[in-house]
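S.K.: below are the sequence and a predicted model for it; my questions follow.
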Amino acid sequence: MGRVILVLLATGLLAVPHVASTYHATLMLPFMAYGVILLGLNLLFGYTGLVSFGHALFIGVGAYTGAVLTSELGVRSLEVILLAAAVLGAVVAAPVGALCVRYVKIYFGMLTLAFGMVFYTFLLKFYRLTGGDEGMRVLRPFLLGVDLGDMPKLDYLVGPYYYYLAGVLALATFCMWRIVHSPFGLCLRTIRDNPAKAEALGVSVTRYRWYAFVISAVYAGVGGALLGPPTGNVDPTLAYWTHSGNIVFMTLLGGFASFFGPLLGAFVFIYLQDTVMSVVPYWRLVFGAILAFIVIFAPSGLMGLFVRRRPIQVAPG
Amino acid sequence: MILLQAQGVTKFYRDFCALDGVDLVVKAGEFVSIIGPNGAGKSTLINVLTGVLRPSAGTVRFKERDVTGASTVGLARLGMARSFQLVQIFPDLTVLETLQAAVVSRLGRGTRLFASLRRDREVQAGALEVAELFGLADKRHALARHLPQGDKKLLDVASAFALKPELILLDEPTSGVSTADKTTIMDILVAASRRIGLQAIIEVEHDMDIVFGYSDRIIALHQGRVLADATPAEIRADARVVDTVIGRKYRGRR
């Protein structure tokens, strides 16, 4: 049943450029990039029990990696960009995570927020390196070594780039599925549920939290690098704390208790934002109300409304 | 063979002295009960021995290695497991997943990032074996939080057993369980410890029927000190212990 739905959704995703308008196809691009980011964020949130309010930091790292490589260093291969974004995400997350995972709950959240703000200020103030508030240009990357510079921009985006992004999302989903269903994933869930008990069973809580943090930063880096090419520009707002808030919102909207919840959240968020923004100028007001509604009435998100947990069978006696 | 040895273990909470120079030795093959009135320092002692608390003074040796102030994780790896006074479970994990986590930890497979847990035969079999030993096999797919209190308690202990430790410290494994169920739990414990090759059990216990029924040796704590350390028969005959710790009804009873 689950597999059938998954195949249908994947087919639908691949069919969008053919059946839907170009406009809707371009909306799928940020959805897929955020999908990658949210898969990583939810390893930390849903599976390890840590809410990061600074993950835009790693989105920023990935996005600016793409900008610097294409417009400053002349590296145009998207494979190289994604690899570099992943590595840099991990390199930045290693020390930041080592400090943050010593704390939990609000303290963890605030510390990640603080690091995010430091990076945002760096992007904003080091004008020569980062272009300040104007940001940097992202030149059109080569896909699998092919220079598609002559293609009209929209054809490139809803054509080759779209499918490339779908491929990356599929790979990221597959890897994350393996991770959460591995012995490692089980250890993370023990930590989420009861850190003291996990330690008693020999699971090193801070070490595993750190692993989860670094992996989620790698995902955010890759997703961040994928956000740049559609707009052709990156700016510091990508690393701003409201952006961190947005991805937490998407996760809550879809439901952090489910593997695919965050992906649903990203999809609904992107379309809702697009619709609401076109109707009313104060879209944040509407989103705030929605967030309040979810937290109060549907804490397990949209996924919680559709999918019930399998009934638990307890044998009598 | 001496498995665990504590010498002069002292623990202060600010000015309050919870443990005052406690010495104890546990040998392979022993079932040792720690008894004492509330506030005698029993749980503090367990927490010091298992690395949750660092002693203010004194040393703890496990398998002839100094483990004073060693971490809980390190001690678990060395072969010392524990269960908790207040039952500790993973609410959103099933019974089987809880036991699998312990087996994964024992086999050192926690960093297998892309391996399939479902296809790991050794982990699956190890978890199922312990579930069966503890009579939890029928409920293996139930979430821990949906279990009745007695089963939660059993699961807490079972997950410690799934580590296949050499020494296990049980902090009131039968508290909050009806008297009839207590013996059942204890019998399961003893049978399981034989099956997994456990060397020794240290148990904090209030129920004197259990204490006298299962212990090879009893250590009575009072105000942070060892009041007596002797066989059940000797303890029964010790008027001091009976008066301060046990209550008269057990004196000399067979």
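M.R.: It's in.

S.K.: what ranges does chain B have for its helices?
M.R.: B:42-49, B:72-78, B:95-106, B:121-133, B:149-161, B:179-196, B:208-214, B:232-237, B:239-241 (DSSP state H).

S.K.: tell me the residues of chain A that contact chain B?
M.R.: Contacts of chain A with chain B, taken as CB under 8 Å from any CB of the partner chain, map to A:175, A:178-179, A:181-187, A:189-190, A:192-194, A:196-205, A:208, A:211, A:312-315, A:317. No exception for glycine: its C-beta is placed from N, CA and C like everyone else's.

S.K.: switch to 6 Å and redo it
M.R.: A:178-179, A:181-184, A:186-187, A:190, A:193-194, A:197, A:199-204, A:312, A:314-315 (CB under 6 Å from any CB of the partner chain).

S.K.: output the helices of chain B in a markdown table; the columns should cover mean neighbour count, mean pLDDT and distance to chain A.
M.R.: Formatted as a markdown table, the helices of chain B follow (neighbours: other CB atoms under 10 Å in any protein chain shown; pLDDT from 0 to 100; distance: least, CB to the nearest CB, whole Å):
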| stretch | mean neighbour count | mean pLDDT | distance to chain A |
| --- | --- | --- | --- |
| helix B:42-49 | 24 | 92 | 11 |
| helix B:72-78 | 20 | 92 | 3 |
| helix B:95-106 | 27 | 96 | 4 |
| helix B:121-133 | 18 | 94 | 7 |
| helix B:149-161 | 23 | 91 | 6 |
| helix B:179-196 | 16 | 87 | 13 |
| helix B:208-214 | 18 | 90 | 22 |
| helix B:232-237 | 17 | 89 | 29 |
| helix B:239-241 | 15 | 82 | 31 |
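
S.K.: what's the spacing between the residue nearest the centre of chain A and residue B:166?
M.R.: Taking CA atoms, centre = their mean, the centroid of chain A lies closest to residue A:37, which sits 1.4 Å from it. Noted for residue A:37: a distance of 46 Å to residue B:166, by CB to CB, to the nearest Å.

S.K.: what's the answer for residue B:132, then?
M.R.: Residue B:132 sits 22 Å away from residue B:166, going by CB to CB.

S.K.: which strand or helix spans the residue nearest to the centre of chain A?
M.R.: Assigned by DSSP states H and E, residue A:37 belongs to helix A:22-45.

S.K.: could you export that helix as CSV, keeping only the C-alpha atoms?
M.R.: Extracted as CSV, the C-alpha positions of helix A:22-45 are listed here (Å, rounded to 0.1, in the frame of the first residue of the first chain):
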residue,chain,number,x,y,z
THR,A,22,5.5,26.1,-16.2
TYR,A,23,4.5,28.2,-13.2
HIS,A,24,3.6,25.3,-11.1
ALA,A,25,6.6,23.3,-12.3
THR,A,26,8.9,26.1,-11.1
LEU,A,27,7.1,26.0,-7.7
MET,A,28,8.2,22.4,-7.4
LEU,A,29,11.9,23.4,-7.5
PRO,A,30,12.0,25.0,-4.0
PHE,A,31,9.7,22.2,-2.8
MET,A,32,12.3,19.6,-3.8
ALA,A,33,15.2,21.6,-2.4
TYR,A,34,13.4,22.1,0.9
GLY,A,35,12.5,18.5,0.8
VAL,A,36,16.2,17.6,1.0
ILE,A,37,16.7,20.1,3.8
LEU,A,38,13.7,18.9,5.8
LEU,A,39,14.7,15.2,5.6
GLY,A,40,17.9,16.2,7.4
LEU,A,41,16.2,18.5,9.9
ASN,A,42,13.8,15.8,10.8
LEU,A,43,16.6,13.4,11.6
LEU,A,44,17.5,15.8,14.4
PHE,A,45,13.9,16.9,15.2
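
S.K.: give the buried residues for that helix.
M.R.: For helix A:22-45, a neighbour-count test (16 or more other CB atoms under 10 Å in any protein chain shown) marks A:25-45 as buried.

S.K.: try stretch B:55-69
M.R.: Result for stretch B:55-69 [16+ other CB under 10 Å]: buried residues B:55, B:58, B:60, B:61, B:62, B:63, B:67, B:68.

S.K.: what residues does the last one make contact with?
M.R.: Looking back up the chat, that one is residue B:68. Neighbour list for residue B:68: B:59, B:60 [criterion: CB atoms under 6 Å, 6 or more residues apart in numbering or on different chains].

S.K.: distance check, it against residue B:62.
M.R.: Per CB to CB, residue B:68 is found 10 Å from residue B:62.

S.K.: over to residue B:216?
M.R.: Residue B:216 is 19 Å from residue B:62, by CB to CB.

S.K.: how about residue B:55?
M.R.: From residue B:55 across to residue B:62, the span is 14 Å (CB to CB).

S.K.: wait, a strand at residue A:165?
M.R.: No: secondary structure of residue A:165 (DSSP: H, G, I helix; E, B strand; the rest coil): helix, not part of a strand.

S.K.: neighbours around residue B:204, how many?
M.R.: With neighbours defined by other CB atoms under 10 Å in any protein chain shown, the count for residue B:204 comes to 23.

S.K.: name whatever forms a beta bridge with it.
M.R.: Taking DSSP bridges, one obtains residue B:34, residue B:171 as the residues bridged to residue B:204.

S.K.: that one contacts residue B:173, correct?
M.R.: No: using CB atoms under 6 Å, residue B:204 is not in contact with residue B:173; the gap is 8.6 Å.

S.K.: can you give me the pLDDT of residue A:108?
M.R.: At residue A:108, the model reports a pLDDT of 92.

S.K.: could you tell me which of the residues of chain A next to chain B count as buried?
M.R.: Those of the residues of chain A next to chain B that meet the buried threshold are A:179, A:181-184, A:186-187, A:190, A:193-194, A:197, A:199-204, A:314, by 16+ other CB under 10 Å.

S.K.: just the ones of the residues you listed in helices?
M.R.: Of these, the ones assigned to helices by DSSP H are A:179, A:183, A:184, A:186, A:187, A:190, A:193, A:197, A:199, A:200.

S.K.: mind putting those in CSV, pLDDT included?
M.R.: As requested, these are arranged in CSV below (pLDDT from 0 to 100):
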residue, pLDDT
A:179, 97
A:183, 96
A:184, 97
A:186, 97
A:187, 97
A:190, 97
A:193, 96
A:197, 95
A:199, 93
A:200, 93
